[in-house]
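Chemist: Take this sequence and fold it.
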Amino acid sequence: FYNCYALESIDLPEGLESIGNRAFDYCKALTSITLPEGVKSIGEFVFGGCEALESITLPETLISIGYGAFQTCTSLTSITLPEGLTTIEGNAFRGCTSLTSITLPETLTSIGNRAFMICSALKSITLPEGVTSIGNSAFSQCASLESITLPDKVTSIGNSAFSLCASLTSIPCLATTPPTVGSLAFSGCDGLKTIYVPDGSVDDYKAASGWSDYSTKIQPIQ
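Modeler: Prediction:
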């Protein structure tokens with residue numbers, strides 16, 4: 001259905017298990033879709049450029065979402081990702097400028113490069129406790145993002161992961177051992193005043209590569 005510009009709706013049959021790369025890419029009139037139970041994977045850029053897509057229902061059987069799957073779905077305001085999903089691939093929600101709410105599954109462990117880049121309406125997001133890695137530019141240019149807590153199992157934060165998040169004022173990082181952090185991870189976060197870390201780890205964070213650039217902002221969790 002690639003480039004079916006006038007397609008407004010479609011009923012997908014029961015028994016469907018996978019949706020291939022770019023299956024609905026640039027279906028610019030598609031406003032909503034329900035994926036039936038049984039679908040386990042959706043490919044790369046499946047709904048990329050679906051500018052009118054306002055809602056999508058994902059099945060509990062889904063375990064894989066491909067690269068750029070929802071990129072520039074500019075009308076999408078909220079989405080719930082099912083339990084069982086472990087990875088959000090790169091560019092998955094990049095440029096979803098109306099996205100204000102997303103529910104992440106407890107099974108999630110990694111967030112890919114640029115996964116939520118330029119989600120300019122996203123105000124807050126809760127990262128599940130099992131998340132260990134946050135990719136390059138994962139939340140870059142999320143200009144409305146006001147709060148996010150980094151779970152204690154996070155071990156790596158990519159380059160520019162939170163760059164240009166102008167509304168971000170504080171970040172609790174719960175990891176006792178400072179995660180590796182890439183260059184410019186918090187650059188352009190003009191409102192960022194405090195990075196809260198475990199009480200016994202303040203000195204470790206202030207001395208750690210990457211974190212030391214923000215040493216004046218690092219304080220113990222109260």
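
Chemist: So Ala175 sits against Leu150, correct?
Modeler: Yes. Checked against C-beta atoms under 8 Å, the pair Ala175 and Leu150 is within contact range at 6.9 Å. Any C-beta I mention is one placed from the backbone N, CA and C, and that applies to glycine too.

Chemist: In contact with Ala6, which residues?
Modeler: Ala29 (C-beta atoms under 8 Å, 6 or more residues apart in numbering).

Chemist: Find the residue at the geometric middle of this structure.
Modeler: In the chain, the C-alpha nearest the mean C-alpha coordinate belongs to Phe116, at 4.2 Å (C-alpha atoms, centre = their mean).

Chemist: Ramachandran coordinates for that residue?
Modeler: Here the main-chain torsion angles of Phe116 (degrees, to the nearest 10) amount to phi -120, psi 20.

Chemist: circling back to that earlier point, Ala175 and Leu150 - which one has more neighbours?
Modeler: Higher neighbour count among Ala175 and Leu150: Leu150, with 21 against 18, using other C-beta atoms under 10 Å.

Chemist: Lys206 belongs to a helix, doesn't it?
Modeler: Yes. Per DSSP: H, G, I helix; E, B strand; the rest coil, Lys206 lies within a helix segment.

Chemist: export stretch 190-199 as CSV, just CAs?
Modeler: The C-alpha trace of stretch 190-199 is given here as CSV (Å, rounded to 0.1, in the frame of the first residue of the first chain):
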residue,chain,number,x,y,z
ASP,A,190,19.0,25.9,28.9
GLY,A,191,16.5,25.3,31.7
LEU,A,192,18.3,22.3,33.3
LYS,A,193,19.2,23.3,36.8
THR,A,194,19.7,20.0,38.6
ILE,A,195,20.8,16.4,37.9
TYR,A,196,19.8,14.3,40.9
VAL,A,197,21.9,11.2,41.7
PRO,A,198,22.1,8.7,44.6
ASP,A,199,23.6,10.3,47.7
